[in-house]
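Colleague: Dropping the sequence and predicted coords here.
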Amino acid sequence: MKRRRDDIRLWTDQQIFGGLEILKASCVEFRYPLHSHEVFVIAALRDGAQKHQIARYRGVAYPGTVMIIPPGQVHTGESAERDTGWDYSALYPNPDVLEALSRELFRDSGGSLDFGTKMLIEDPELAARLIESCEIAEHSPDAVEREEAVYGALDVMIKRYGQRTGKGSFRKAPDARIRHALDYIHAHFHERLRLKDIAEHVDLSEFHFMRTFKAQMNVTVHCYLTQVRLDAAKVLLAAGNPTADAAVSTGFYDQSHFTGSFRRYFGVTPSRYATACR
């Protein structure tokens, strides 16, 4: 019996929501490191079993399961069973997009969109709808068909599990100093930053800053900075910029360092991602 291999396809479709990232993956050996996104992760399991950690919660997802992970929520993912792997599809919509959709659906409600704290939902019908939308987004040459498929799946998800409340984000907001540190990182990620630079900006010692950042963000400073750089690089790659230029422009030491980091976090090389974007 031939052993399965990792097969991960990640791309951005500029004609959906002005730029929607989409994923279709079959993972066996690949393991997602602890990371987060500034967008929603809407994932549906197609086959196998995925072991994961979302914030402090650990669990296993099976076919028919839908994950709704809000922005900023750290998570991991790997195969629940040795040599078996898991197949899934995912959409990564910007919070503003889902907020706009929810305002149209719940016209008489105030507040903001909230999916509650349950991020793992057993809903085979919705899972199938999300998987189908990703298939259409991958294969259809017709932008209207791709947009309608994604809109339709997200519409069903929001109607079933969304509500407009004043509760805000599932993740507790960081304190003022860490928020200032995040702003500094986003403004200077393309530079050769040192931990001392960021800590001094928020008037903390390096050691105190490292501990406080990890406690509030659930990832290290280096991990967060790497993610910011990679997200910025994806924007450049999707726009058609060469891999070498994307690496230099986002603060990586060289193209090899950039490629290794990109593959570790996303399971694909920068060049493969760039080629898949449209």
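Modeller: Great, that's in hand. Numbers count the residues shown, from 1 in each chain.
Colleague: List the residues that contact the one residue sitting closest to the centre of the chain.
Modeller: The centroid of the chain falls nearest to H37 when counting by C-alpha atoms, centre = their mean (4.0 Å). Shown in contact with H37 (C-beta atoms under 8 Å, 6 or more residues apart in numbering): 69, 71-72, 92, 231. From N, CA and C alone the C-beta is placed, and that goes for glycine too.
Colleague: Tell me which of those residues fall in helices.
Modeller: The helices, defined by DSSP state H, take in D231 from those.
Colleague: about what we covered before: just the pLDDT at the residue nearest to the centre of the chain, thanks.
Modeller: As predicted, H37 sits at a pLDDT of 92.
Colleague: To which secondary structure element type does it belong?
Modeller: coil (DSSP: H, G, I helix; E, B strand; the rest coil).
Colleague: Provide the partner residues of A90 in its beta bridges.
Modeller: L23, A43 (DSSP bridges).
Colleague: right, I mislabeled it, should have said C27
Modeller: Under the criterion used (DSSP bridges), C27 bridges to W86.
Colleague: Based on its surroundings, how many neighbours for it?
Modeller: By other C-beta atoms under 10 Å, 22 other residues sit near C27.
Colleague: go on, I136?
Modeller: 18.
Colleague: which secondary structure element contains it?
Modeller: helix 124-139 (DSSP states H and E).
Colleague: From the contact counts, what lies against that helix?
Modeller: strand 20-27, strand 41-48, strand 65-69, strand 86-92, helix 143-161 (3 or more C-beta pairs under 8 Å, 6 or more residues apart in numbering; DSSP states H and E).
Colleague: mind listing what's buried in the second one?
Modeller: Using 16 or more other C-beta atoms under 10 Å as the test for burial, strand 41-48 gives 41-46, 48.
Colleague: Show me which of the residues you listed is closest to L23.
Modeller: Of all those, L23 sits closest to A43, with 7.9 Å by C-beta to C-beta.
Colleague: Identify the residues contacting the closest one.
Modeller: Per C-beta under 8 Å, 6+ apart, neighbours of A43: 23, 66-67, 69, 88-91, 130.
Colleague: By neighbours, which of those wins?
Modeller: L130 (29 neighbours).
Colleague: from memory that residue sits against M157, does it?
Modeller: Yes. Using C-beta atoms under 8 Å, L130 is in contact with M157, at 7.4 Å.
Colleague: Common neighbours of these two, please.
Modeller: 42, 66.
Colleague: Flag the shaky bits of the stretch 51-200 of the chain, pLDDT-wise.
Modeller: Applying pLDDT under 70 to the stretch 51-200 of the chain picks out residues 108-109, 166-171.
Colleague: Tell me which of the helices and strands packed on helix 124-139 sits nearest to M217.
Modeller: Across those, closest to M217 is strand 65-69 (C-beta to C-beta), at 15.3 Å.
Colleague: and the next helix-or-strand element following the closest one, what does it pack onto?
Modeller: The helix or strand immediately downstream of strand 65-69 is strand 75-79, counting by DSSP H and E. With contacts defined as 3+ C-beta pairs under 8 Å, 6+ apart, strand 75-79 has these neighbours: strand 20-27, strand 32-35, strand 50-54.
Colleague: Okay, the residue nearest to E138 when sequence neighbours are not counted and A44: tell me how far apart.
Modeller: Using C-beta to C-beta, 6 or more residues apart in numbering and skipping the chain neighbours, the partner closest in space to E138 is K24 (5.9 Å). Distance of K24 to A44, given as C-beta to C-beta, to the nearest Å: 11 Å.
Colleague: Common neighbours of those two, please.
Modeller: Shared contacts of K24 and A44, counting by C-beta under 8 Å, 6+ apart, come down to 89, 134.
Colleague: related to what we said a few turns ago, out of the buried residues of strand 41-48, flag the one nearest to R103.
Modeller: I42 (18.2 Å).
Colleague: For F17, the count of nearby residues, please.
Modeller: 20.
Colleague: Am I right that E200 sits in a strand?
Modeller: No. Under the criterion used here (three-state DSSP), E200 is helix, not part of a strand.
Colleague: correct me, but S271 touches T243?
Modeller: Yes. Between S271 and T243 there is a contact under C-beta under 8 Å: 5.6 Å.
Colleague: So which of those two has more stuff around it?
Modeller: Each of S271 and T243 has its neighbours counted (other C-beta under 10 Å); T243 has more, 19 against 13.
Colleague: Thanks a lot, see you next time.
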